[in-house]
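Asker: Structure of the sequence below:
(one chain, ligands or ions: 2)
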Amino acid sequence: MRGELIAIGTELLMGETVDTNSAYLAQRLPAMGVEVRFVNVVGDQIEDLVEIFERGLSRSDLIITTGGLGPTDDDLTREAIARVFGEKIETDPDLLHSLQDFFRNRGTVMPPSNAKQAALIPSSRVLSNSRGTAPGWWVEKNGRVIVALPGVPLEMEHMWVNEVTPLLRGVANSSVIMTRTFKTFGLSESAVGETVEGLFGDRNPYLGIYARPDGIQLRLIAKGATEREALGLLAPAEAQIIKALESNIWGVDDETLEDRVANMLSERGLTVAVMESCTGGLLSSSITDVPGSSAFFQGGVVSYTENSKIQNGVDPEIIKSHGVVSASVVESMAESVRTSFGSDLGVGITGVAGPDPVGEVAPGNFYIGIAWAGGVSSTHHWVPPNRSIVKRRAVVSALIDMCNYLKTRPVG
Ligand code: AMP
Ligand code: MG
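Answerer: Ligands and ions are numbered 1, 2, ... in the order given. Modelled structure (predicted):
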């Protein structure tokens, strides 16, 4: 089934809001048998909406829109669908009552403009929205399906899971697309590519390679009549990738580096504490994104100035002789925080986020230190000097160094 997405809202065209809704849907549609061929972004103009809907209906079986279902005059998705199908919009009394109830349950009276959200056309059915006031539409006509979802990501995702996927299963069963992503570290894009060269060029499964902040990723895409058939097509290629890159693969599919570190620490029964400088707490924040992180994360210190590093146990002589952004200081940070928190591992980060250098050290340079009972090590990195890139890449490097260290420790 050929599908396309339309993200609706002038704020998306202005770059004020990033279109995350299309990414969410595009990741989920292939497994439902929908091949996404186009992703469109369009502003809140009725003639532009009508044009994009007409083009979509001429080339796709399914169109999914997000946005433009609100109560204000610039919310025109319903209006545009009615126009392209030549149908008349009418207020649905049941829907109007349920909207009024929604407001009553919150102790207020429904503003008159919200009545617009109770509109339907003869070919539409309601997708209920338990998270907000904008009901979605499922419209089937002339062998085409248009699904209109709200713009607010949490409302859209909830409606997708609870309302759309059951209906979609009924119409989209021609073929199923399954994907598998392998996440690697420690190798360049060309090095990863060379190890699996033989797999490129095949159509089914198709192999793509992507560079991401957390390393190089390989993605296999297989198409089959059933989920089982598609998985069967993936299997030999998966085995080949695992064989070629085993020691460099840190994760599969949705797994994050934070998840990986969390699993490795838990499997080994180890705890960690961190002392961060240039990342300003981002490593602690990333580690605590994982549910249950209190089992292994003892805590973190942001020692941003020289003085606070000294107060947190770094020897001032080391700072004086090596400079505050140095391997010796980051190792001392890792050792100090490990001692003060009584954790199995201590991790330190010091670097220059920029734009100005720190002493002799140019922006973009950072060091990661890892301390354990009886040892300490550090790595040096350089990335393009942009504050947010330096911070994020330093966190990624710290997590990768933690994985590499943890691999040397036995499980159990
Ligand atoms: P709307 O349904 O058009 O009133 O959109 C409501 C809000 O949802 C907007 O103000 C945006 O903040 C957000 N939003 C709309 N479309 C998207 C999108 N494609 N991706 C992420 N957020 C969106
Ligand atoms: Mg809008």
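
Asker: Enumerate the residues of the stretch 1-150 of the chain near ligand 1.
Answerer: Within the stretch 1-150 of the chain, the positions adjacent to ligand 1 are 7, 9, 11-12, 17, 19-22, 66-70, 75, 134, 150 by CB under 6 Å from any ligand atom. Every residue, glycine included, has its C-beta placed from N, CA and C.

Asker: helix/strand/coil for the nearest residue to Ser332 once chain neighbours are set aside?
Answerer: Once flanking residues are discounted, Ser332 sits nearest to Val314: 4.6 Å by CB to CB, 6 or more residues apart in numbering. Local secondary structure at Val314 is given as coil here, using DSSP: H, G, I helix; E, B strand; the rest coil.

Asker: what about Val314, how many neighbours?
Answerer: 26 (other CB atoms under 10 Å).

Asker: hmm, back to that, where strands are concerned, which of the residues of the stretch 1-150 of the chain next to ligand 1 count?
Answerer: 7, 66 (DSSP state E).

Asker: Just the buried residues of the residues of the stretch 1-150 of the chain next to ligand 1.
Answerer: Among these, those classed as buried by 16 or more other CB atoms under 10 Å are 7, 9, 12, 17, 19, 21-22, 66-70, 75, 134, 150.

Asker: What about ligand 2: which of those touch it?
Answerer: 9, 67 (CB under 5 Å from the ion).

Asker: and the residue in the chain that ligand 2 sits nearest to, what is it in contact with?
Answerer: Across the chain, the shortest distance to ligand 2 (CB to the ion) belongs to Gly9, at 4.0 Å. The neighbourhood of Gly9, defined by CB atoms under 8 Å, 6 or more residues apart in numbering, consists of 17, 43-44, 67-68, 151.

Asker: just Ala225 next, same as before
Answerer: 175-176.

Asker: Contact partners for Gly132?
Answerer: Counting by CB under 8 Å, 6+ apart, Gly132 touches 150, 152, 155.

Asker: and the second one, what pLDDT?
Answerer: At Val152 the predicted local distance difference test score is 96.

Asker: Identify the residues contacting stretch 205-219?
Answerer: By CB under 8 Å, 6+ apart, stretch 205-219 touches 179-189, 192-193, 196, 199-200, 220-222, 233-234, 237, 241, 245, 250, 256-257, 389, 392-393, 396, 399-400.

Asker: Tell me which helix or strand comes right after the lowest-mean-pLDDT helix or strand in the chain.
Answerer: Taking mean pLDDT, DSSP states H and E as the measure, the chain has helix 165-171 as its least confident helix or strand, at a mean of 88. Going down the chain from helix 165-171, the next helix or strand is strand 176-184, by DSSP states H and E.

Asker: which SS class is the residue of the chain positioned farthest from its centre?
Answerer: In the chain, counting by CA atoms, centre = their mean, Glu317 sits farthest out from the average C-alpha position, at 43.0 Å. State at Glu317, reduced to three classes by three-state DSSP: helix.

Asker: Read off the pLDDT value for Arg408.
Answerer: Check again: residue 408 is Thr, not Arg. Thr408 is assigned a pLDDT of 93 by the prediction.

Asker: residues near it, how many?
Answerer: 7.

Asker: contacting residues around it?
Answerer: The contact partners of Thr408, by CB under 8 Å, 6+ apart, come to none.

Asker: The stretch 1-150 of the chain: helices as residue ranges?
Answerer: According to DSSP state H, counting those that start in this stretch, the stretch 1-150 of the chain carries its helices in the segments 10-13, 20-28, 46-59, 77-85, 93-105.

Asker: name the helices or strands packed onto the third one?
Answerer: For helix 46-59, the contact count by 3 or more CB pairs under 8 Å, 6 or more residues apart in numbering; DSSP states H and E identifies strand 2-8, strand 35-42, strand 62-66, helix 77-85, strand 144-149 as packing neighbours.

Asker: Briefly note if whichever helix or strand comes after the last one comes near ligand 2.
Answerer: What it means is strand 144-149. Counting by DSSP H and E, the next helix or strand C-terminal to strand 144-149 is helix 153-159. No. Judged by CB under 5 Å from the ion, helix 153-159 and ligand 2 are separated, with a smallest distance of 12.1 Å.
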